[in-house]
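**Q** Below: sequence and its predicted model.
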Amino acid sequence: MGTRMSAATVPTVLSESNRHVASRFSMGVDAAVTKEVRAAGSASAWFAKQLDHTRIANTAADAVAGWYPRLSHSPATAWSKVRSGESSAWEYGLDFVGYSMAQAILSRRHVHESMTSFWNNLLYVPAHEDRSFPWRFHYDRTVRAKALTSYRELLQATIVHPAMSGWLTNYDNTRRGINENLGRELLELFTVGRTAGYDEDDVKDCARLLTGYRVKMWDTFAASYSTDDHWTGRVSILDFTHANSSSDGRPAVNALLAHLATHPATARRLAHRLGQRFVAEEPSASFVKDVAAAYLRSGSDIKATLRAVVKHPQFLASRRSRLRTPVEDVVATARVLGMRPTRPSDDKAFSQHLVWMSNNEGQAPFRWPRPDGFPETRVTYASPARMLRTWDVHYALAGNWWGSSSLTRPTKAGSLPSRWPRTLREIVEHQSRMLLGRSCDPAVLQAVCTMLGRPATATYASASAVSDWHLTVVRGTVLNAPEGLLR
């Protein structure tokens, strides 16, 4: 069991402006994040500290990879175990997804974790796919290492990564047979976008330049570069040209990726995508222009770009307007309830249940079938069916109805005020402040009273007088308020 969440009868909450920044750039504003923001003096100061993520101790999250021994397997070992039937690509993927969910809940590096999620979705590689699974955890490590550097560095590290080569079949792209798959997606999805005006000749030259990167598919999955497989000859891709005369085309590829990363069309596309994640379904032209300008001025520096995001008037005006995705909802709900995964010990482990809960809400983590990643438009997840399933998950988490193992969570007494007696109204207010970071809406209080068949003035003499059922109803109903689904 965990420790007390709050001893206060009326827990302290953040101001709306401070909570806005913390909510958009954290994995869930729990008591710990509230304490961090208050200690920093403001959410702006907290955000600045979060950008310097390597200075933030992250011991619990750093240990998660060790819970899943398969993640440490070399690609050759992973394939050997799948070939022998000892394991499967699905199981390797399931371990990776469980690791990712636990990381999100346990991390104290909130901005870094948020951006790792953003880049993993933009530069998308699924978790269970047969051609890329042996390299998927290494790919995540690569994204994490570059998540707050520059897009130029991130692009250069991910586009030629063996996981990306497997997923988009660039391992089969040689001078003897050009495979356009990765070259096309590099332009369409990862940099300039369709509106930049490239044509089929640009795609072909992009693919030609990307020849030579090999993965020993269906064998050891070893990654290498083959000068014999690299196509040589002059290439022209939009406004980029290169002689490409060397059999080692890697310097030319790096030059292309640096050029594309700092292309104005890429800046606009990334600014728009960041806006969709952190600001609005359709970010304004002013937002895109200003954020793209900061991106270009800084040479694609991610921290400078994020500073421009949080300073923009549209970001400041977008409070309580972004619907969480199912994955975000499950993570944030677990966090504010004080539920923390521990090393899995059986098939009822909390980290695994989190994956199934996300599936139930309508988003199977890392299982989007196309290379464009999950939609950043939250309206995608706003169906009535999703809402009903989300409400159900909130109650299930509030009462641990799935009977999850391998987790810590506060005791009932540790989730409630330390001074008694308390009225139902006071208990609901306490929980609203703890779980939503704001005072309770009268409609929520009325819903709790109706469900429990008790007036708001009903008195509880002690924490033990609050039954598990009553606490679950209170917490689930509070979480199911509209504010419980918003970032």
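**A** Good, I have the coordinates.
**Q** in the stretch 351-487 of the chain, which spans are strands?
**A** Chain-ordered strands for the stretch 351-487 of the chain, with DSSP state E, counting those that start in this stretch as the definition, fall at 407-408, 422-423, 459-460.
**Q** do the chain as well
**A** 213-215, 223-225, 235-237, 240-242, 340-341, 407-408, 422-423, 459-460 (DSSP state E).
**Q** how about CSV for the ones you listed, with distance to residue 320, mean pLDDT and mean neighbour count added?
**A** Bear in mind the C-beta positions are built from the backbone N, C-alpha and C, glycine included. Supplementary listing: the strands of the chain in CSV, determined by distance: least, CB to CB, whole Å; pLDDT from 0 to 100; neighbours: other CB atoms under 10 Å:
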stretch, distance to residue 320, mean pLDDT, mean neighbour count
strand 213-215, 45, 98, 24
strand 223-225, 46, 98, 15
strand 235-237, 43, 98, 19
strand 240-242, 43, 98, 17
strand 340-341, 26, 98, 22
strand 407-408, 29, 97, 18
strand 422-423, 28, 98, 18
strand 459-460, 31, 98, 18
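**Q** sorry, back to before: for the strands of the stretch 351-487 of the chain, could you give me CSV that also reports distance to residue 229?
**A** Converted to CSV, those look like this (distance: least, CB to CB, whole Å):
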stretch, distance to residue 229
strand 407-408, 49
strand 422-423, 72
strand 459-460, 73
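**Q** Tell me the helices and strands packed up against the longest helix seen in the chain.
**A** For the chain, the helix with the greatest residue count under DSSP state H is helix 89-106. Applying 3 or more CB pairs under 8 Å, 6 or more residues apart in numbering; DSSP states H and E, one finds that helix 89-106 contacts helix 59-62, helix 75-83, helix 110-122, helix 136-146, helix 326-336, strand 340-341, helix 350-361.
**Q** Any regions of the stretch 1-150 of the chain where pLDDT drops low?
**A** 1-7 (pLDDT under 70).
**Q** again, only using 50
**A** Under the criterion pLDDT under 50, the flagged ranges of the stretch 1-150 of the chain are 1-3.
**Q** Now do the contacts for the spatially most central residue of the chain.
**A** Averaging the C-alpha coordinates of the chain gives a centre point, and the residue nearest to it by CA atoms, centre = their mean is residue 117 (2.9 Å). Contacts for residue 117 were tallied using CB atoms under 8 Å, 6 or more residues apart in numbering; they are residue 104.
**Q** what about residue 226, neighbour count?
**A** By the measure other CB atoms under 10 Å, the count of residues near residue 226 is 14.
**Q** pretty sure it contacts residue 214?
**A** Yes. Judged on CB atoms under 8 Å, residue 226 makes contact with residue 214 at a distance of 5.2 Å.
**Q** Bridging across strands, which residues link to residue 323?
**A** Following DSSP bridges, residue 323 is listed with bridge partners residue 486.
**Q** Pull up the gap between it and residue 362, please.
**A** Residue 323 sits at a distance of 12 Å from residue 362 (criterion: CB to CB, to the nearest Å).
**Q** same check, this time on residue 167
**A** Where residue 362 is concerned, residue 167 sits at a distance of 23 Å (CB to CB).
**Q** ok, these two, which is more surrounded?
**A** Comparing residue 167 with residue 362 by neighbour count (other CB under 10 Å), the higher total belongs to residue 167, at 25 against 17.
**Q** quick one: contacts for the residue nearest to the more buried one when sequence neighbours are not counted?
**A** What sits nearest to residue 167 in space, not counting adjacent residues and going by CB to CB, 6 or more residues apart in numbering, is residue 132, at 4.3 Å. Contacts of residue 132 were listed using CB under 8 Å, 6+ apart, and they are 125-126, 139, 162-164, 166-167.
**Q** So for residue 377, what's the pLDDT?
**A** The predicted structure scores residue 377 at 89 on the pLDDT scale.
**Q** Look at residue 268 and say how many residues are nearby.
**A** Around residue 268 sit 22 other residues, with neighbours defined as other CB under 10 Å.
**Q** So it sits against residue 292, correct?
**A** Yes. Counting by CB under 8 Å, residue 268 sits close enough to residue 292 to count as a contact (4.8 Å).
**Q** which ones are touching residue 213?
**A** Taking CB under 8 Å, 6+ apart, one finds 160, 165, 170-171, 173, 223, 225 in contact with residue 213.
**Q** of all these, which two lie farthest apart?
**A** Taking CB to CB as the measure, the contacts of residue 213 reach their widest spread between 173 and 223, a distance of 13.8 Å.
**Q** burial measure for residue 409, as a count.
**A** Residue 409 - counted by other CB under 10 Å - has 19 other residues nearby.
**Q** start the count at 45, not 1, going forward
**A** Fine by me, first position is 45 from now on; the one you just mentioned is residue 453.
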